[in-house]
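Asks: Sequence below, structure please.
(2 chains)
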Amino acid sequence: MFNRITAVREQRGLSRQEFAAMVGVHYQTVGYLERGEYSPSLALALRISHVLDLPIEELFSLEPPVEVDAPASARQR
Amino acid sequence: MSRWSAAAERNREMLAGNAERILNDTTYDRFRTPRSQRLLVAAYVAVVIAIPWCWLLVGSIAGILAVLAAVAMYLLLRVSVRSIADLPDHVLDERMRRERDSVYVVSFRTVSTVVMVAMNIAFIAVEFGEEDATISFDGDAVNAVYWTLLAVVLGTPSVVMALRQAADEG
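Replies: Residues are numbered from 1 along each chain as shown, chains lettered A, B, ... in the order given. As a prediction, this is how the structure comes out:
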């Protein structure tokens, strides 16, 4: 499973510790999630989407996420 | 609220406070690098093997020293894995609970294999060895079996956890 947690978290200016406290997990767990080494339960995925105020399907996907900030030529590659 | 449930609640809060301190501790991070964790596991295994050897072949004093070394290694191992293998559900997040549960499955298989191999060796030695062979236990042999089993049973979850974390971190 792929996710955009790192990008969105950094965009919001949240440190791993702050984000972990808001979601209610250990900061190391955030690291595992961001590296894609741990797939969260539905409950945790919903909590993350609630904290980041984004629909769950915008944060998690089964395909690698497309970088919206990348130039169009890079996206086509 | 009864006195019993009030005490249980106080105990739960105290445990949660201690667990939070352990889980966020950075003082002993030098014991949490992959290299340190692998070294600690190797040292613990060596000390556990030394326990019966010392009790049976060297003497009681050496046996006691080996047990003390095992206790020290066990405490360091627990520090290196932040005691995740021993903390209750309510202080761990879902990844840690899943990791701990999976570690206990591997630990159970490891401990049962060690015990079965030891029992099979004893069985074969008695059954197919010299006629009228028996296994007798003097004080040192009882200490050897007791402390070795205790070290294997208590230490295996932390050993498995340390090896897994070392592999995850590369």
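Asks: Please give me every residue in contact with the residue in chain A that chain B sits nearest to.
Replies: Nearest residue of chain A to chain B: A:Val25, at 4.1 Å (C-beta to the nearest C-beta). C-beta: built from backbone N, CA, C; applies to glycine. Counting by C-beta atoms under 8 Å, 6 or more residues apart in numbering or on different chains, A:Val25 touches A:44, B:93-95.
Asks: what number of residues lie near B:Trp4?
Replies: 8 (other C-beta atoms under 10 Å in any protein chain shown).
Asks: element containing it, please.
Replies: Assignment of secondary structure by DSSP states H and E places B:Trp4 within helix B:3-23.
Asks: For that helix, which outside residues touch it?
Replies: Contacting residues not belonging to helix B:3-23 are listed as A:26, B:1, B:82-84, B:87-88, B:90-92 [C-beta under 8 Å, 6+ apart].
Asks: what's the helix or strand following it packed up against?
Replies: With elements assigned by DSSP H and E, the helix or strand that comes after helix B:3-23 is helix B:34-53. For helix B:34-53, the elements it packs on are helix B:60-80, helix B:139-169, judged by 3 or more C-beta pairs under 8 Å, 6 or more residues apart in numbering or on different chains; DSSP states H and E.
Asks: re earlier: quick one: which of the contacts of helix B:3-23 is most hemmed in?
Replies: Ranking those using other C-beta under 10 Å puts B:Ile84 first, with 24 neighbours.
Asks: Distance-wise, check A:Met1 relative to A:Gln28.
Replies: Using C-beta to C-beta, to the nearest Å, A:Met1 is found at 18 Å from A:Gln28.
Asks: Get me the contact residues on chain B for chain A.
Replies: Neighbours of chain A within chain B, by C-beta under 8 Å from any C-beta of the partner chain: B:23-24, B:93-96, B:168.
Asks: pLDDT and neighbour count added to those, as JSON lines?
Replies: Formatted as JSON lines, the residues of chain B next to chain A follow (pLDDT from 0 to 100; neighbours: other C-beta atoms under 10 Å in any protein chain shown):
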{"residue": "B:Leu23", "pLDDT": "82", "neighbour count": "18"}
{"residue": "B:Asn24", "pLDDT": "81", "neighbour count": "12"}
{"residue": "B:Asp93", "pLDDT": "91", "neighbour count": "18"}
{"residue": "B:Glu94", "pLDDT": "94", "neighbour count": "16"}
{"residue": "B:Arg95", "pLDDT": "93", "neighbour count": "22"}
{"residue": "B:Met96", "pLDDT": "92", "neighbour count": "21"}
{"residue": "B:Asp168", "pLDDT": "81", "neighbour count": "13"}
